[in-house]
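1. Sequence and predicted model, in that order:
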Amino acid sequence: MRHPSPDPARPAGTRRRTVLAMANASLAAVPLLAPTRAAATPARAAGLDDPAKKEIAMRLVSSAENSSLDWKAQYGYIEDIRDGRGYTAGIIGFCSGTGDMLDLVELYTARSPGNVLARHLPALREVDGSDSHEGLDPGYPGDWQRAAGDPEFRRAQDDERDRVYFGPAVGQAQADGLRTLGQFAYYDAIVMHGGGDDRLGFGSIRDRALGRARPPAGGGDEVAYLHAFLDARVWAMKQEEAHSDTSRVDTAQRVFLREGNLDLDPPLDWQVYGDSYHVG
């Protein structure tokens, strides 16, 4: 599970996206940004959407988000990690303050009316855009954990992860001509920073990288571009105290890049926050 924020050895929750505008915090699916040129997309090998590679991606993210490779154990996770985003929960860290948790519970309720979380929808709508728990306490965390026993709730988490984060990240990376490692770099960035164009969002991170290097779809060198993207990502992380530990880039993604492992092929060895991980 994630280390709670009072642990001084960890950043405050190791989480994620820039807080959205308080008046409109609902996260929508991230639209693809324009490719860097109007040329044919290069033929690609199996990418991050290959089931085996997607499993690796989920383990990599879970090592940073939950200090565990067992991402499937996180459906019932819920905690306020004191990062200004309210409750953080589930396999990708859906937040009560940034709209994606609300979207998830609305989807679950549309599919399974009368579920244990449905009664919390009015309160979720009220706290959206803030760090407040008003109307959610004390029953919401326990109800979330109970809902995690329902296969429909787990499926809803999977589907919202793919719609809001995984699909847009992989699609944009493929449009930029990036292989599996680059696709993962985009995915991890959208998970933490969100897909918007605010100063610290994924769109701005990508723009900073494009200002320094061209991706393969623009005729550039893939390794040079990914270094530029990771540099921009590290800069964005350091702008927020909760994200200032950049080891999920420095001793994970950057390691794979320096090894030339652009297809993210196992075995993989990396560290996050001083903890070592291995996928064979």
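-> Arrived safely. Residues are numbered from 1 along each chain as shown.

2. Find me the pLDDT at the most centrally placed residue in the chain, would you?
-> Against the mean C-alpha coordinate of the chain, by CA atoms, centre = their mean, the closest residue is residue 191 at 1.5 Å. Model confidence at residue 191, given as pLDDT, is 93.

3. you'd agree it is up against residue 92?
-> Yes - assessed by CB atoms under 8 Å, residue 191 is found in contact with residue 92 at 6.2 Å. C-beta: built from backbone N, CA, C; applies to glycine.

4. intersection of neighbour lists for those two?
-> Residues touching both residue 191 and residue 92 by CB atoms under 8 Å, 6 or more residues apart in numbering: 61, 65, 165.

5. so what secondary structure elements neighbour the helix or strand encompassing residue 174?
-> Using DSSP states H and E, residue 174 sits in helix 167-175. Where contact means 3 or more CB pairs under 8 Å, 6 or more residues apart in numbering; DSSP states H and E, helix 167-175 is packed against helix 180-193.

6. Pull out the CA atoms of the helix it packs on and give them to me as CSV.
-> Taking C-alpha atoms only, helix 180-193 is exported to CSV below (Å, rounded to 0.1, in the frame of the first residue of the first chain):
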residue,chain,number,x,y,z
THR,A,180,6.9,0.6,-25.5
LEU,A,181,9.2,2.4,-23.1
GLY,A,182,8.1,5.8,-24.4
GLN,A,183,4.4,4.7,-24.2
PHE,A,184,5.0,3.8,-20.6
ALA,A,185,6.7,7.2,-19.9
TYR,A,186,3.6,8.9,-21.3
TYR,A,187,1.3,6.7,-19.3
ASP,A,188,3.1,7.3,-16.0
ALA,A,189,3.2,11.0,-16.6
ILE,A,190,-0.6,11.2,-17.3
VAL,A,191,-1.3,9.1,-14.2
MET,A,192,0.6,11.6,-12.0
HIS,A,193,0.0,14.9,-13.7
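
7. Now do it: distance to the chain's middle.
-> Put simply, helix 180-193 sits 7 Å off its chain's centre (CA atoms, centre = their mean, to the nearest Å).

8. tell me the angle that helix makes with helix 167-175.
-> 140 degrees (axes from the mean of the first three to the mean of the last three CA atoms, to 10 degrees).

9. Next, count neighbours for residue 134.
-> Using other CB atoms under 10 Å, residue 134 is surrounded by 9 other residues.

10. I misspoke; the intended subject was residue 119.
-> Here the count is done by other CB under 10 Å, and residue 119 has 13 residues near it.

11. ok, for it, nearest residue in space, not its chain neighbours?
-> In space, and not counting its chain neighbours, residue 119 is closest to residue 143: 8.0 Å by CB to CB, 6 or more residues apart in numbering.

12. Please apply the same query to residue 196.
-> Nearest non-adjacent residue to residue 196, counting by CB to CB, 6+ apart: residue 203, 6.2 Å away.

13. Make sure I have this right: the one you found is in a strand.
-> No - Residue 203 is assigned helix when assessed by DSSP: H, G, I helix; E, B strand; the rest coil, not a strand.

14. Tell me what angle the host helix or strand of residue 54 forms with helix 180-193.
-> In this structure, residue 54 is located in helix 51-65 according to DSSP H and E. Interaxial angle, helix 51-65 versus helix 180-193 (the same axes, to 10 degrees): 40 degrees.

15. pLDDT below threshold where in the stretch 101-250 of the chain?
-> Applying pLDDT under 70 to the stretch 101-250 of the chain picks out no residues at all.

16. can you map out the helices along it?
-> Ranges of helices in the stretch 101-250 of the chain, per DSSP state H, counting those that start in this stretch, are 121-127, 140-147, 151-161, 167-175, 180-193, 202-210, 222-238, 247-248.

17. Show me which parts of the third one are buried, residue by residue.
-> The reference is to helix 151-161. 153, 154, 156, 157, 158, 160, 161 (16 or more other CB atoms under 10 Å).

18. Mind putting the helices of the stretch 101-250 of the chain into a markdown table with distance to residue 279?
-> Shown next, in a markdown table, are the helices of the stretch 101-250 of the chain (distance: least, CB to CB, whole Å):
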| stretch | distance to residue 279 |
| --- | --- |
| helix 121-127 | 35 |
| helix 140-147 | 28 |
| helix 151-161 | 19 |
| helix 167-175 | 19 |
| helix 180-193 | 12 |
| helix 202-210 | 25 |
| helix 222-238 | 20 |
| helix 247-248 | 15 |
